[in-house]
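*Asks:* Below: sequence and its predicted model.
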Number of protein chains: 2
Amino acid sequence: MTAAYDRLKARFARIALLGQAQSMLHWDAAAVMPAGGAEARGEQLAVLSGLSHELLTAPQVAEDLASAEAHGAWDDANLTLMRDAHARAVALPTALVEATARANSACEQRWRTARANADFAMVAPALKEVVRLQRETAAALSAATGLSPYDALMEGYQRGITAADVEPIFAAYETFLADALPRAEALQMQRPRPVPLPGPFPIAAQQALCRDMAERVGLDFTHARLDESTHPFCGGTPTDVRITTRYNDASVAQALLGVLHETGHALYERGLPSAFAHQPVGEAAGMAAHESQSLIIEMQACRSDAFLRFIGPQLHAAFGGDAAPYAPDNLAGLWRRVERGFIRVDADEMTYPAHVILRFRLERALIGGELDVEGLPAAWNEGFASLLGMTPPDDARGCLQDIHWHDGAFGYFPSYTLGAMAAAQLMRAARADLPELDTRLSGGDFTPLREWLRAKVHGQGSRLGFQDLLRAATGKPLDPSDFTAHLRDRYLVA
Amino acid sequence: MTAAYDRLKARFARIALLGQAQSMLHWDAAAVMPAGGAEARGEQLAVLSGLSHELLTAPQVAEDLASAEAHGAWDDANLTLMRDAHARAVALPTALVEATARANSACEQRWRTARANADFAMVAPALKEVVRLQRETAAALSAATGLSPYDALMEGYQRGITAADVEPIFAAYETFLADALPRAEALQMQRPRPVPLPGPFPIAAQQALCRDMAERVGLDFTHARLDESTHPFCGGTPTDVRITTRYNDASVAQALLGVLHETGHALYERGLPSAFAHQPVGEAAGMAAHESQSLIIEMQACRSDAFLRFIGPQLHAAFGGDAAPYAPDNLAGLWRRVERGFIRVDADEMTYPAHVILRFRLERALIGGELDVEGLPAAWNEGFASLLGMTPPDDARGCLQDIHWHDGAFGYFPSYTLGAMAAAQLMRAARADLPELDTRLSGGDFTPLREWLRAKVHGQGSRLGFQDLLRAATGKPLDPSDFTAHLRDRYLVA
């Protein structure tokens, strides 16, 4: 029934546009809303979520899905995504959804104080309730999807890859790291310590530079904004994408590399297939796919030797002072430095996966019931020591550091490292397809890379799951050896 | 049935919160959205409107309204407002609502070009369709409400006053103006011409001054923002109110008086009864009531002798130069000047009502069928000449100047002058209640006026219609003699 499919398309377009409204209200809350608007904003967003859920779970949807027929690869995939979204939505009783929202919100608030006080006991009861409800959610989604409970949660963030795929990849990385990290540290010690860039960096000049670089990477400001927020992010919609950063006049790297990262996310949104705008298949393929796009810009392209040759003189022109610190080698020393640390968000690209591997193992155990909330701090510290050889001095630098679990996000963490690995794999494939890629980057020209990503990733929307997307773009599913090869080239060459 | 009323309250809260989301998206579109976001924004807003209409017209609403019981004056009024909103919504067939949205949008776009070219023929067919649909809408609302067709439209902007109330008030004003305007002009001619304030006025200094003055009037920026937009407005929500202005470094009056005007609107929203937040009775009482609050701040308080004594030194401190132009008498000469002109939005407070009277008469005739679109330019020019003694040189300075009709807004225009008259009446009552009012204004202290307005107007929400609101606040329904007395004091005293 084409009519049934057409009705579904109209309904999912409404749901997508409701989602766009929510996205804009989230951006507003983070970037411009006065503090006094927070309470009403929460209520506005709750109403939009509720209406969206009602649209997705209305009896008419099940009827239409039962008879709908779609023709062609894109519409087929679209219909499959509709079925999956509906199955996941109806699998969860309203009472569970509401209890989860309440528990997440209560725990997240509690967590802010607990982290500030490095006091895990303070948040433990609330987190226990969050985990209990996540286990229930995982079980319900598992029953509806046939996936394992943890995979069913992970699918909510990234389709097309399972914990069974991830586990051996992460185990291999752990082995690689045990060997590579001490070698990288030793090599780094042998080199002269890089000279810090001479500050201060006036905020207005940073803003102008960041905007200019975002445009150079390919962001068109008739369809985008760049603002400030405490936690940088990329939000908005494909035709009105909103990125944020934060400025600090003592450092330009934070804002600039942050903007380049968010620009990678933004280009993905801008490049989604407009023929399927507002349809599930027209959306980004998932969080790991999204992270691959921010990291291919920030880590692969913008910290490459080629781009450092371009950005150095740009920085010197913007901020003046002695030219020597802006030399590519010195910038490489500053921006490509391995350093063991307790905090994930401050980690370099080599140690970052260790932070993710730890969280992946712990959250799987929490959802699977092999670990309880009480045991989390000890398990964290033990796992951290095993991966990075140091023990967190307190839980604020341990299991309290991230908001994710305390806000009910389980199954998300692997996306960071899957994205980093995919970025390396995509970059290698792009370099093979585009021999001029680095020459162009050294002139500040992102056109070939951007067009390649648009064709291979952005323009594919959600037609393919993670592994299939990589297969189509690079000829193989996720292959972590491209990432380790990248790290070897960057950190293990004397 | 209290349960039925409770269900209705929950439903109307969802509708109000959807309205708040729409309001924020409108603000975003006007103040910060990149141009490329416009198309998707239109679709987002259409979805929210559609969902809101569905919530309001669902069969459950009629059932609940049939059995609902409310107790107490506020809840009684709330239930009445729910009944009215529902009756108006179900009176209009979906096909009519959709045709109206399309026709309004098409006409408004056409109008932009027509106005730029001063070519009425270019927009006439589109406007004809808009008028045809407005007549149909008015007839349907009339049948549902028992009001006359024009009154039924007017009620959509301001409850509690009818064309039969307005007509004699406007006729009397026409008579007043025929005598007063030439006398005011003659007196003005006898005085020395005021000295312009010495510019330029740096934008950053204007922004700081405007923000400072808005705070002084009573706007709390933990619950508000001040931004820029092409057409200044007040939007947002009661706990997050967003006002805009536009800056021009050749003039400070435009931005400053504009901000004071919008601050009046903003204080109304901020002062609405929070116990009835998200309920119909907790909203502002209508567009004329709203305009009374912007004008009591801008026209009554901020152009008063008392406040000019305060603002002069503030302006001088902000922009420097010769002090003489900042003297209260000179500011009065600049900011309280009558001048016949063709353009409503540029009009002074004495001639402004003439612009509104003309539009009120013409739109009533258009809706009533006594006037057709073809006859509009001639009727406009004839009416304008009769009221202000001049004939517009072209339709861009005549019937093409306002967006309202071309966007389907009929019945709105009277609100401007009803608001101006109500502002004078409220100010007179406030002065009687608060003998210290002008002394306090001359020190830049708005507290007594603001508290009085909060008690008499803001805090009353929509409990009372326009005439009853004035009756409760001032002891009488709209009495235009307070407005003409104000004009005599300000413009007809030698």
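*Replies:* Great, that's in hand.

*Asks:* CA atoms for contacts and neighbours, from now on please.
*Replies:* Noted.

*Asks:* Quick check: the residue nearest to A:Leu81 when sequence neighbours are not counted vs chain B, distance?
*Replies:* Of all residues not flanking A:Leu81 in the chain, A:Pro280 sits nearest, at 6.2 Å (C-alpha to C-alpha, 6 or more residues apart in numbering or on different chains). To chain B, A:Pro280 is 16 Å away according to C-alpha to the nearest C-alpha, to the nearest Å.

*Asks:* quick one: contacts for A:Pro280?
*Replies:* The contact partners of A:Pro280, by C-alpha atoms under 8 Å, 6 or more residues apart in numbering or on different chains, come to A:12, A:16, A:78, A:81-82, A:462.

*Asks:* what pLDDT does it get?
*Replies:* Looking at A:Pro280, its pLDDT is 98.

*Asks:* same check, this time on A:Met1
*Replies:* Among the per-residue scores, A:Met1 holds a pLDDT of 66.

*Asks:* list the buried ones in stretch A:218-230?
*Replies:* A:218-221, A:223-229 (16 or more other C-alpha atoms under 10 Å in any protein chain shown).

*Asks:* Just the ones of those residues in strands?
*Replies:* Using DSSP state E, the subset of the buried residues of stretch A:218-230 located in strands is A:224-228.

*Asks:* wouldn't A:Ile15 be in contact with A:Glu54 here?
*Replies:* No - using C-alpha atoms under 8 Å, A:Ile15 is not in contact with A:Glu54, being 9.7 Å away.

*Asks:* Kindly reformat the ones in strands among the buried residues of stretch A:218-230 as CSV containing distance to chain B.
*Replies:* Supplementary listing: these in CSV, determined by distance: C-alpha to the nearest C-alpha, whole Å:
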residue, distance to chain B
A:Ala224, 6
A:Arg225, 7
A:Leu226, 11
A:Asp227, 11
A:Glu228, 14
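
*Asks:* Now for the buried residues of stretch A:218-230: which two are most distant?
*Replies:* Maximum pairwise distance among the buried residues of stretch A:218-230 (C-alpha to C-alpha): 21.9 Å, between A:Gly218 and A:Ser229.

*Asks:* Checking A:Asp482 next. Helix, strand or coil?
*Replies:* State at A:Asp482, reduced to three classes by DSSP: H, G, I helix; E, B strand; the rest coil: helix.

*Asks:* For it, the count of nearby residues, please.
*Replies:* A:Asp482 has 19 neighbours, counted by other C-alpha atoms under 10 Å in any protein chain shown.

*Asks:* Over to A:Pro182?
*Replies:* A:Pro182 has 13 nearby residues by other C-alpha under 10 Å.

*Asks:* ok, of the buried residues of stretch A:218-230, which one's closest to A:Ala68?
*Replies:* Using C-alpha to C-alpha, A:His223 comes nearest to A:Ala68 of the buried residues of stretch A:218-230, at 34.7 Å.

*Asks:* how about the residues of the stretch 151-300 of chain A near chain B?
*Replies:* Contacts of the stretch 151-300 of chain A with chain B, taken as C-alpha under 8 Å from any C-alpha of the partner chain, map to A:221-225, A:239-240.

*Asks:* Distance to A:Arg88 for those - can I get that in TSV?
*Replies:* Output for those, formatted as TSV (distance: C-alpha to C-alpha, whole Å):
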residue	distance to A:Arg88
A:Phe221	36
A:Thr222	36
A:His223	33
A:Ala224	32
A:Arg225	33
A:Thr239	28
A:Asp240	29
